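Undergrad: Sequence first, then the predicted structure, then my questions.
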Amino acid sequence: MNLYDHDNTLTAHHVKADRYADAKVPDDLWTKCPKCGETILTKDLDQYSTCPHCHYGFRISARQRLKWLVDQFTEFDTELQTNDPLNFPGYNEKIAHAQERAQLNDSVLTGKATIGDAQFGLGIMDPTFIMGSLGMVTGEKITRLFERATKDKLPVVLFTASGGARMQEGIISLMQMAKISSAVQHHAQAGLLYVVVLTDPTTGGVTASFAMQGDITLAEPHALVGFAGRRVIEQTMHQKIPADLQDAETLLKHGFVDRIIQRQQEKQTLQWLLKYGG
Amino acid sequence: MTNKAIQIVTAARDDNKITGKEIISSLLNDYMELHGGGIGSDDPAIIGGIGLFHQQPVTVIATDKGTDIEDRVAKHFGCPTPAGYRKSLHLMKQAAKFHRPIFCFVNTPGAYPGQSAEENGQGAAIAQNILEMSQLPTPIITIIFGEGGSGGALALAGGDQVWMLENSTYSILSPEGFATILWKDNTRADEAAQIMQLTPRDLLKKHVIEGIIKEPSDHQQVVKNIDQVLQRQLGDLQKLSTDQLLQKRHERYRKF
């Protein structure tokens, strides 16, 4: 006899649940933290969108981050548009959709900001805009941000979030890495401070260029930061890699990150660094 | 030449492709290999040193895919580790200190995507190369002679000029990878190669490279063609003042 006969198993059939339960519970009532797995009442997520258990910062749009980060902000370069260098099928539609959703012309928001009496150039990459991928407009906006800051003798703070190169722009995306790096180097040679805040996820060509060129490199708790994708690494190694290989905390341990910083402390930390760090 | 993109991709990966070692030994007299600068290890996928190019000391850096299978495995099939990029930056800074010209010869599928590479800061290593190359006060010319794979290639191609052999490619990732990411289908590499505009002709049209070097099957002739280009272009770059050189280099990337 089967010890666990099907008929003896508790099934949905036996549970007299309220069959309208699904309709009564809104889809977004609960949010599961992708890092620690804890379930959080969505209404308990405050304006910072961080996990109360492990302090992971959820992926948020650039405009959402801007709300609590600075005191004043003047936006730059809102009109720039990609010229679709590969004539990639469906790319223009994809861009239009992303623009509508993120309320941005491309994957980075740039401008001049103040916290208290500190003035600086601010860039915030948007992971909701085609995964924050690095396209020609992203590259141009970040380059101009550094050029303006160099001219105005201002520090730059850049929040990175990117899946890497913008596939649909091919080699032109790769060239952005060199273009931005050259502007970063000019800014550095003018003796100006560049602070990077690595957020989830920062990968590929962004990690291999301006995300790793700061004077001071901060990172949000458990942010994924790496060069190659997990699947690619596992295919190369023919084995599983540690779950935390590309966690910000692992990078801190290996000496590639200066400090892990929770969102709630970012504003005051940046204010301190802008005053004393450069 | 009406080669389909995928044919050039295949030719760029051919086993009989000229190697970095061959180019260095035929191009230079009195070459001395140097192994330092990798900080913690010496990556055999990057070779380099000092040699004489028409009586003039130059620094050369090349990627190496290796010959037999053991060699290839040790070199990760031509995919440099962070130590390799740090070694190349060490060689470049050393050259810049003495205003010695730099030639880079690139044939790599990309930077090595392994666990140890991540732990040792693959992204940071490439980032430093690109950052420093933008301002090193000496002429830097890169020849892509096979695969120019993404940031792993750009880390050796951020200088004044980039030239490509006829059968070579330069792209953000392999056509197979491109097809996998965009269409979840790595068998559509043909189509991806066509769309990606990764051939020397496509890249020349986009001003990503300065020119294309003829590549007959005779390797000695290939080196002669490379020699001619390097001699002419280096001569032109050396006529510029350091300020002019760096200004032109900045403009080369600023236009994208």
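TA: Perfect, I can see it now.

Undergrad: what about the stretch 1-150 of chain A, any weak spots by pLDDT?
TA: For the stretch 1-150 of chain A, the stretches flagged by pLDDT under 70 are A:1-19, A:21-23, A:25-26.

Undergrad: so what's the residue in it positioned nearest to chain B up against?
TA: Residue of the stretch 1-150 of chain A nearest chain B, by Cβ to the nearest Cβ: A:Leu86 (6.0 Å). The C-beta positions use only the backbone N, C-alpha and C, and glycine is treated the same way. Counting by Cβ atoms under 8 Å, 6 or more residues apart in numbering or on different chains, A:Leu86 makes contact with A:Gln168, A:Glu169, A:Gly170, A:Ile172, B:Ile195, B:Met196, B:Gln197.

Undergrad: OK, contacts around the last one?
TA: Neighbouring residues of B:Gln197 by Cβ under 8 Å, 6+ apart: A:Pro85, A:Leu86, A:Gly170, A:Ile171, B:Leu203, B:Lys206.

Undergrad: re earlier: in three-state terms, label the residue of the stretch 1-150 of chain A closest to chain B for me.
TA: Under the three-state scheme (DSSP: H, G, I helix; E, B strand; the rest coil), A:Leu86 adopts coil.

Undergrad: That one and B:Val106, how far apart?
TA: 22 Å (Cβ to Cβ, to the nearest Å).

Undergrad: cool, A:Ala219 as well?
TA: Distance, A:Ala219 to B:Val106, by Cβ to Cβ: 31 Å.

Undergrad: got it, and B:Lys87?
TA: Using Cβ to Cβ, B:Lys87 is found at 15 Å from B:Val106.

Undergrad: list the buried ones in stretch A:183-193?
TA: With burial defined by 16 or more other Cβ atoms under 10 Å in any protein chain shown, the residues of stretch A:183-193 counted as buried are A:Ala183, A:Val184, A:Gln185, A:His186, A:His187, A:Ala188, A:Leu192, A:Leu193.

Undergrad: Can you tell me which helices and strands the helix or strand hosting the fifth one packs against?
TA: The reference is to A:His187. Taking DSSP states H and E as the definition, A:His187 sits inside helix A:171-189. When contacts are defined as 3 or more Cβ pairs under 8 Å, 6 or more residues apart in numbering or on different chains; DSSP states H and E, helix A:171-189 sits against helix A:136-152, strand A:194-202, helix A:204-207, helix B:122-133, helix B:150-154, strand B:169-171, helix B:242-254.

Undergrad: got those as JSON lines, with mean neighbour count columns?
TA: As requested, the helices and strands packed on helix A:171-189 are exported to JSON lines (neighbours: other Cβ atoms under 10 Å in any protein chain shown):
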{"stretch": "helix A:136-152", "mean neighbour count": "22"}
{"stretch": "strand A:194-202", "mean neighbour count": "26"}
{"stretch": "helix A:204-207", "mean neighbour count": "30"}
{"stretch": "helix B:122-133", "mean neighbour count": "26"}
{"stretch": "helix B:150-154", "mean neighbour count": "29"}
{"stretch": "strand B:169-171", "mean neighbour count": "29"}
{"stretch": "helix B:242-254", "mean neighbour count": "16"}
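
Undergrad: With distance to B:His76 as new columns, can those be given to me in TSV?
TA: Rendered in TSV, the data for the helices and strands packed on helix A:171-189 read as follows (distance: least, Cβ to Cβ, whole Å):
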stretch	distance to B:His76
helix A:136-152	29
strand A:194-202	24
helix A:204-207	19
helix B:122-133	12
helix B:150-154	11
strand B:169-171	19
helix B:242-254	28
